[in-house]
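Trainee: Sharing a sequence plus its predicted fold:
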Amino acid sequence: MLALAVRLCLPLAAVALLAGCIPAPYGPYYRPSYPDASAQAVKAWCGGQAGPPTGLVVSLADGLTMRVGAATATGAAPKAMLSFELAPGTTLRFLEDSVRVDDGAGSGRIPVRMSVASHARVAPTDIVDLPALSAVAPAALDAAGPGAVSITVGTGFSPGAAGVRPEVLRIEWPSIRWADGTVTRFAAVELKGRMSKSGWLQYRTDDETEALQARYARCRAETPQRNCAFLLDSYENGFTVGADGATLRGRLLVTEPAKPRLAAYLTMELPQLQAWRWSDPDVLLRDPRSGQSWRQPFGASGVGVRAQGLPLSTPLAAPAGASATASIEVPLGSAAGERYRLRLPPVEVNGRRTQPEAIELERRTMDGGLEPFNC
């Protein structure tokens, strides 16, 4: 093993002087296998490029890829993690709601639920048709009940004017106009710039600053042996503003105060699966002390629609311009056995029925692999 590690590390060492790798143990885990020529191993480290083969990628049909994740064998109740990636326009339906699990001593059907996610990029001037971006029909989402659907939008903006680093910054947001004619308006937020130990200028509302100080006080009171000061310098969120069930969060910072360029990272959670658009593709920034203002366009947004707790047999259809992913967890039993066989139910992919082969899981305890110092 050591000789093999040395041979395989030589190419890395030739690329960079500090690059290197070491033979390292891995386990226990369940190594998956699948009897199909398309099956490709996914290794434990460096995005699947190094270490033991803990995962698997299989082409189940045209437009449908299955990924078998690394199932750990350290707990008393191991689970297998499977995901199914649908290419744009692909339809998928499992014909039953359970997976058959065989542990060598017996077999049984295990009912499972799935989570489904789709994601697309949209321009700030676009009408965002959320029902069309969902891989699950609205009727199936309604049947799943309250809390089954989450909708997220991620975007940002970066003022083009050099020297933007006011001590106080006021942000005025455009409104959201829904397809049913209603309008959601966010209140403006005011943030104060504070220099961090890293040299970054970070903007926060007073509420966020008070929340950080409260976390610091709790840390000092409950764990005085810790270095709690890092909490005051952490920057998870700069502001939160909500309206009509929608929530907008974000953080603003200047990474080089000597050559300031303000950057903003925003996420929004929406309450309903309905088409919408921004009333204006720009956001207005004001310096209330100097009176200066900057109107800046939003960047392109990543829009994600996610549903969870759906029956496995729920029909899915990836949007025409976006992929979709369905994920399931399959409990393997109350104790960590040596081998398991998983049999998925028959599936219909683009109207054609197929029966996936059985997935074999073999318990491995001390597999070795090459772990690079840097990936």
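Mentor: Okay, I see it.
Trainee: any idea whether residue 220 is helix, strand or coil?
Mentor: The local conformation at residue 220, judged by DSSP: H, G, I helix; E, B strand; the rest coil, is helix.
Trainee: what's the closest non-adjacent residue to it?
Mentor: residue 228 (5.2 Å; CB to CB, 6 or more residues apart in numbering). (C-beta placed from N, C-alpha, C; glycine too.)
Trainee: for the chain, what spans make up the helices?
Mentor: 2-15, 130-133, 138-144, 206-222, 230-233 (DSSP state H).
Trainee: for the stretch 151-300 of the chain, which spans come out with low pLDDT?
Mentor: Scanning the stretch 151-300 of the chain for pLDDT under 70 picks out 159-162.
Trainee: With residue 86 as the reference, measure out to the closest residue to residue 79 other than its chain neighbours.
Mentor: For residue 79, ignoring the flanking residues on the chain, the nearest one in space by CB to CB, 6+ apart is residue 329 at 4.9 Å. Noted for residue 329: a distance of 19 Å to residue 86, by CB to CB, to the nearest Å.
Trainee: higher neighbour count, the two?
Mentor: The neighbour count for residue 329 versus residue 86, taken as other CB atoms under 10 Å, is higher for residue 86 (25 against 15).
Trainee: That one against residue 318, yeah?
Mentor: Yes - contact criterion CB atoms under 8 Å: residue 86 and residue 318 qualify, at 3.9 Å.
Trainee: and for those two, which residues touch both?
Mentor: 135, 324 (CB atoms under 8 Å, 6 or more residues apart in numbering).
Trainee: And for residue 319, nearest residue in space, chain neighbours not counted?
Mentor: Distance criterion CB to CB, 6+ apart; nearest residue to residue 319, sequence neighbours excluded, is residue 133 at 5.3 Å.
Trainee: Report the contact partners of that neighbour.
Mentor: So residue 133 contacts 118, 120, 303, 305, 319, 322 (CB under 8 Å, 6+ apart).
Trainee: Give me the buried subset of the residues you listed.
Mentor: Neighbour-count burial within the contacts of residue 133 applies to 118, 120, 303, 305, 319, 322; the criterion is 16 or more other CB atoms under 10 Å.
Trainee: Now for the fifth one: which residues touch it?
Mentor: Right, residue 319. Going by CB under 8 Å, 6+ apart, residue 319 touches 88, 89, 118, 120, 132, 133, 134, 135.
Trainee: Distance of residue 180 relative to residue 62?
Mentor: Applying CB to CB, the value for residue 180 to residue 62 is 38 Å.
Trainee: same check, this time on residue 81
Mentor: The spacing between residue 81 and residue 62, counted by CB to CB, is 24 Å.
Trainee: So for these two, which residue has more residues nearby?
Mentor: Shown here are residue 81 and residue 62; by other CB under 10 Å, residue 81 has more neighbours (15 against 10).
Trainee: And that one, how far from residue 330?
Mentor: Using CB to CB, residue 81 is found at 8 Å from residue 330.
Trainee: Check residue 251 too.
Mentor: Residue 251 is 38 Å from residue 330, by CB to CB.
Trainee: what's the answer for residue 95, then?
Mentor: Note on residue 95: its distance to residue 330, by CB to CB, is 17 Å.
Trainee: quick one, which of the two is more surrounded?
Mentor: residue 330 (21 against 13).
Trainee: The nearest residue to that one once chain neighbours are set aside: how many residues sit nearby?
Mentor: Nearest residue to residue 330, sequence neighbours excluded (CB to CB, 6+ apart): residue 80, at 4.5 Å. By the criterion of other CB under 10 Å, residue 80 has 22 neighbours.
Trainee: pLDDT (mean, whole number) over stretch 56-76?
Mentor: Across stretch 56-76, the average pLDDT comes to 85.
Trainee: err, stretch 33-44, not the other one
Mentor: 91.
Trainee: Do me a favour and get the end-to-end distance for it?
Mentor: Using CA to CA, to the nearest Å, the end-to-end distance of stretch 33-44 comes out at 15 Å.
Trainee: for the residue of the chain positioned farthest from its centre, what are its contacts?
Mentor: In the chain, the greatest distance from the average C-alpha position (CA atoms, centre = their mean) is reached by residue 290, at 40.0 Å. For residue 290, the contact set (CB under 8 Å, 6+ apart) comprises residue 166.
Trainee: so where do the strands sit in the stretch 51-200 of the chain?
Mentor: Along the stretch 51-200 of the chain, counting by DSSP state E, counting those that start in this stretch, strands occupy 64-68, 71-72, 79-86, 91-94, 98-102, 107-111, 113-122, 149-157, 168-172, 176-178, 183-184, 189-195.
Trainee: Could you dump these into JSON lines with distance to residue 242 added?
Mentor: Formatted as JSON lines, the strands of the stretch 51-200 of the chain follow (distance: least, CB to CB, whole Å):
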{"stretch": "strand 64-68", "distance to residue 242": "36"}
{"stretch": "strand 71-72", "distance to residue 242": "38"}
{"stretch": "strand 79-86", "distance to residue 242": "32"}
{"stretch": "strand 91-94", "distance to residue 242": "35"}
{"stretch": "strand 98-102", "distance to residue 242": "39"}
{"stretch": "strand 107-111", "distance to residue 242": "36"}
{"stretch": "strand 113-122", "distance to residue 242": "22"}
{"stretch": "strand 149-157", "distance to residue 242": "14"}
{"stretch": "strand 168-172", "distance to residue 242": "15"}
{"stretch": "strand 176-178", "distance to residue 242": "12"}
{"stretch": "strand 183-184", "distance to residue 242": "10"}
{"stretch": "strand 189-195", "distance to residue 242": "11"}
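Trainee: closest one to residue 341 among the ones you listed?
Mentor: strand 98-102 (4.2 Å; CB to CB).
Trainee: which other helices and strands contact the closest one?
Mentor: strand 107-111, strand 324-331, strand 339-343 (3 or more CB pairs under 8 Å, 6 or more residues apart in numbering; DSSP states H and E).
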